[in-house]
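Q: task: produce atomic coordinates for the following.
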Amino acid sequence: MGKKVKKEESPPKDVFDPLLIESKAPVTAVLMLSSPENEVLTKACEALYKFASKDDVNKVTLLGLGALEQLYKLISHEDPIVRRNAIMVFGIMASNHDVKKLLKELDVTNSLISQLTPEEDVVIHEFATLCLAFMAVEYTIKVKIFKQGGLEPLIRLLGSPDPDVKKNSVECIYLLVQDFQIRAAARELNLIPPLVGLLQSEYPVIQVLALRTLEVMSKDRETRIILGENKGLDRLVNILENSELNDLHIETLAVLANCLEDVQTLQLIQTTGGLKKLLSFLKVSTVPDIQKNAAKAITKAAYDSEIRKILHWEKIEKFLLSLLEAKNDVKVAACQAISAMCEHIDSKYILGLEGIPQLVHLLSSDNEEVKEAAVTALVNLTTASPGNVRAVAEAEGIVPLMNTLNARRDGAIASAIAVLINLSMQEPLRTTIQSNGIMSALVGPLHSTNSKVQSKAAFAVAAFGCDANARTELRNAGGLEQLVKLLHSNNDEVRRNASWAVMVCGSDELTAIELCNLGALDILEEINLSTKRQNKFSEAALEKLLDNNLSQKYSRMGYLSSSNIIVNGFYDCGQVKRGARFLSLEELSKKGLTDRRAIILINAKPQEEEKMPPTLHLSPVNLSKCPAGELMYLNFRDYTILSKCVFFFYVRKGKGKKEEEKPKEVTEVTPKVQEEMNLEHAPWVPPPDFVLMDYINEVSKTILPLTTTREQIVALAQFVAEKMGGSVEKEKLHNYCWELHISEIEFELKSNIVPIGKIQKGTFYHRALLFKAIADRIGIGCSLVRDKYNRAWNEVKLVDDSPKGHLLPPQEYIVDLMFEPGSLLKQRSAKADQYKHI
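A: Numbers count the residues shown, from 1 in each chain. Next comes the predicted model:
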């Protein structure tokens with residue numbers, strides 16, 4: 001019998017035979033992610049990983065196919081291989097911006113952080129940290145990772161044996177610690193020691209990331225202390241000494257720059273010899289980025305006085321000056337460091353002695369940033385340093401500084417003005433700057449929209465405006481209008497400096513009048529009414545303008561002090577309404593005769609002394625033949641009368657002579673006089689008051705010689721009362737009709753402007769003004785006060801008879817000019833009050 005053949009067992013009916021599928025479409029692989037089979041899931045994830053790794057377009061394709069939603073379910077899969085492959089796809093796709101947006105919506109951070117446990121596969125650590133690093137760029141994700149406890153496992157993974165895990169972890173930490181709260185938490189989790197350890201990594205990318213993280217962390221003083229305790233400072237200096245690690249030098253310097261800001265850390269570096277090594281490295285380096293970062297580090301460190309002292313001991317000045325010969329961005333950083341080191345007086349001297357010529361040269365640079373940095377350094381060098389101020393002048397820096405006022409950067413303009421202000425502290429240099437047209441050059445900065453430039457420009461006007469020629473230059477250049485506009489500024493410093501400038505410019509009458517015409521008085525009054533906007537200079541400016549424009553002061557304030565001396569050209573036009581424009585005497589003269597009150601003029605100046613056109617002094621030879629009787633007309637210098645004189649001269653000349661001689665004389669004189677009498681081009685001058693001149697001459701001869709001030713006051717009061725209609729009985733004051741007399745004078749003159757000498761019947765305010773005008777001429781100190789209802793009076797101060805050995809303070813008196821001329825009424829007495837208000 002043969003052997004029995006054993007029949008093959010057929011597979012169970014419910015078992016599916018293995019199926020090998022070859023697909024070239026990503027959509028198939030995405031569909032496979034829904035399979036319940038681990039092997040299928042593994043193969044699908046592998047295929048998707050390879051596809052996504054090729055380019056960014058493939059990532060977007062998978063995103064559109066809904067792969068992320070399926071993968072998100074798999075990153076927590078129970079099978080480690082499926083979980084690993086799913087996270088790999090997540091990590092590689094997270095570099096795409098659109099993918100990151102969806103990952104944020106899916107809230108995958110918590111699931112990724114849960115994969116960072118020590119027992120998980122290294123590959124999972126690598127791609128989970130990679131995905132977190134990509135997502136941590138956004139601030140909200142940073143916060144979410146921190147709140148979900150992701151910082152601690154990331155710090156732990158810095159000790160991973162896998163370099164990719166280290167790289168991804170430190171990169172993610174670097175992004176997280178940009179937030180100061182996370183930075184503090186990272187310090188508490190002992191981040192610094194593992195970071196210092198990464199400095200010895202054999203992979204440059206890890207070293208760079210570790211240094212960048214240390215740079216951010218070392219912004220906090222506590223971190224700098226921990227860094228020193230873990231010998232991190234020594235390792236940083238060692239990196240600088242190692243020429244083979246020159247690709248790390250820039251980041252290393254950035255960390256050390258933060259460390260230099262702390263005195264304790266700097267002293268530690270100095271004690272270990274690290275500071276000398278650092279400076280030696282910097283002096284020999286020619287790498288622009290290293291030079292720039294070194295200068296920036298010194299700038300930050302030099303804000304501390306103790307650090308400045310240490311840097312000075314290490315002779316940092318020479319290094320900084322050497323950088324002024326480097327590239328533009330290095331020059332800028334060097335100038336900023338020089339500015340910071342100027343706070344140390346010895347450094348300031350050294351830098352000024354050797355650096356000012358170089359800085360002046362940089363003012364001519366085509367690079368605006370260099371120019372700004374250089375002029376800023378000059379500001380700090382010349383502040384409170386007369387020696388450095390002279391050094392700038394000796395380096396011929398005035399002209400470059402003036403040119404810098406036209407720079408394109410506001411900072412450069414403001415700093416250039418500040419240097420010029422520092423130079424103006426020395427009289428010879430101020431004169432030189434003024435001769436170079438500083439006031440005209442400041443008009444542009446005054447129009448700037450930058451408040452710092454406006455403030456400095458106004459300050460400069462105050463500094464240089466002490467010279468009369470400078471004020472004239474500013475006035476002619478149109479700078480006063482903009483200066484007045486700056487009084488409206490909401491910036492306190494601008495408004496204060498503008499007020500100061502107005503106060504200085506208001507020191508002469510012409511500029512004061514111009515400022516008043518531009519509305520400075522109204523603005524200053526408004527400022528002084530505000531408790532928030534007013535300042536000492538606004539108060540002083542208002543007072544200065546009024547003191548140099550007494551007509552307007554008396555009109556506005558109704559008061560002139562004993563120091564306000566009335567001069568020729570003063571006029572009393574009554575109290576001006578608030579907000580109304582104050583008109584000049586010439587403007588008032590053009591209005592002709594009106595029904596308004598008379599304008600009382602003080603002008604004890606003969607018209608031949610006024611500034612007349614030069615042509616008026618021609619042809620004196622011909623006129624000298626005019627008989628004495630006719631020459632009296634010339635005293636008035638009136639064009640019409642003078643023309644009559646010429647005609648009269650012609651008639652007199654013809655008597656007793658041949659007829660043919662007449663035309664000859666006419667041709668000699670008449671054309672010249674007619675040319676001289678061109679009224680169109682002659683400036684307007686106020687009419688002279690010859691009566692007032694006579695009053696002053698008479699008083700100078702009769703009253704001025706009196707021995708005591710009291711006698712002079714009494715005599716002058718009686719003199720004024722006599723010239724103004726004599727004394728008036730109190731009971732008959734209402735019958736004293738002075739108004740008609742004034743109206744008659746106005747009608748006679750065809751003008752409201754009445755010279756005070758023409759008034760022979762004056763009331764209180766006429767007499768008080770005449771008393772003040774004459775008293776000022778002979779040196780009697782008195783004030784002029786105006787009140788309501790045409791009242792005005794004069795106040796004087798006299799010392800009463802004192803007991804022997806005692807000197808009593810002066811007493812104030814009101815001078816009676818109406819009822820009992822010459823009586824002195826003690827201030828605040830019943831008689832004085834009666835005189836004011838009767």
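Q: so what pLDDT did Pro163 get?
A: The model reports Pro163 with a pLDDT of 96.
Q: excluding chain neighbours, what is closest to it?
A: Leaving aside its chain neighbours, Pro163 sits nearest to Tyr203 (5.4 Å; criterion: Cβ to Cβ, 6 or more residues apart in numbering). Backbone N, C-alpha and C define where each C-beta goes, glycine included.
Q: that neighbour: neighbour count?
A: Here the number of neighbours of Tyr203 (other Cβ atoms under 10 Å) works out to 13.
Q: tell me how far it lies from Lys167.
A: Distance of Tyr203 to Lys167, given as Cβ to Cβ, to the nearest Å: 7 Å.
Q: isn't the residue nearest to Pro163 right up against Asp164?
A: No: using Cβ atoms under 8 Å, Tyr203 is not in contact with Asp164, being 9.5 Å away.
Q: if we can go back for a sec, how much space between the residue nearest to Pro163 and Gln426?
A: According to Cβ to Cβ, Tyr203 and Gln426 sit 61 Å apart.
Q: for Asp467, give me its contacts.
A: Taking Cβ atoms under 8 Å, 6 or more residues apart in numbering, we find Asp467 in contact with Arg430, Thr431, Gln434.
Q: who's in contact with stretch 328-339?
A: Contacts of stretch 328-339 (Cβ under 8 Å, 6+ apart): 288, 291-293, 295-296, 298-299, 302, 320-321, 323-324, 326, 351, 355, 359, 362, 365, 367, 369-370, 373-374, 376-377, 379-381.
Q: what residues sit buried inside the lengthiest strand in the chain?
A: Ranked by residue count and defined by DSSP state E, the top strand of the chain is strand 792-798. Residues of strand 792-798 classed as buried by neighbour count (16 or more other Cβ atoms under 10 Å): Ala792, Trp793, Asn794, Glu795, Val796.
Q: SS state for the most centrally placed residue in the chain?
A: What sits nearest the mean C-alpha location of the chain, by Cα atoms, centre = their mean, is Lys452, with 1.6 Å. Counting by DSSP: H, G, I helix; E, B strand; the rest coil, the backbone at Lys452 sits in helix.
Q: thought it was touching Ala414?
A: Yes: with contact defined as Cβ under 8 Å, Lys452 counts as touching Ala414 (4.7 Å).
Q: how far is the longest strand of the chain from where the chain is centred?
A: Using Cα atoms, centre = their mean, to the nearest Å, the mean C-alpha position of strand 792-798 is found 46 Å from that of the whole chain.
Q: adjacent strands (with direction) for it?
A: Strand 792-798 pairs in its sheet with strand 783-786 (antiparallel), strand 811-815 (antiparallel), by DSSP bridges.
Q: a markdown table please, covering the ones you listed and showing mean neighbour count, mean pLDDT and distance to Ile759.
A: Output for those, formatted as a markdown table (neighbours: other Cβ atoms under 10 Å; pLDDT from 0 to 100; distance: least, Cβ to Cβ, whole Å):
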| stretch | mean neighbour count | mean pLDDT | distance to Ile759 |
| --- | --- | --- | --- |
| strand 783-786 | 22 | 96 | 16 |
| strand 811-815 | 20 | 93 | 18 |
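Q: who wins for proximity to Val108 among these?
A: strand 783-786 (86.8 Å; Cβ to Cβ).
Q: what sits up against that closest one?
A: With Cβ under 8 Å, 6+ apart as the contact definition, strand 783-786 has outside contacts at 554, 558-562, 564, 575, 765, 768-769, 772, 792-796.
Q: take these and keep only those in strands.
A: Those of the contacts of strand 783-786 mapping onto strands are Tyr559, Leu560, Ala792, Trp793, Asn794, Glu795, Val796, per DSSP E.
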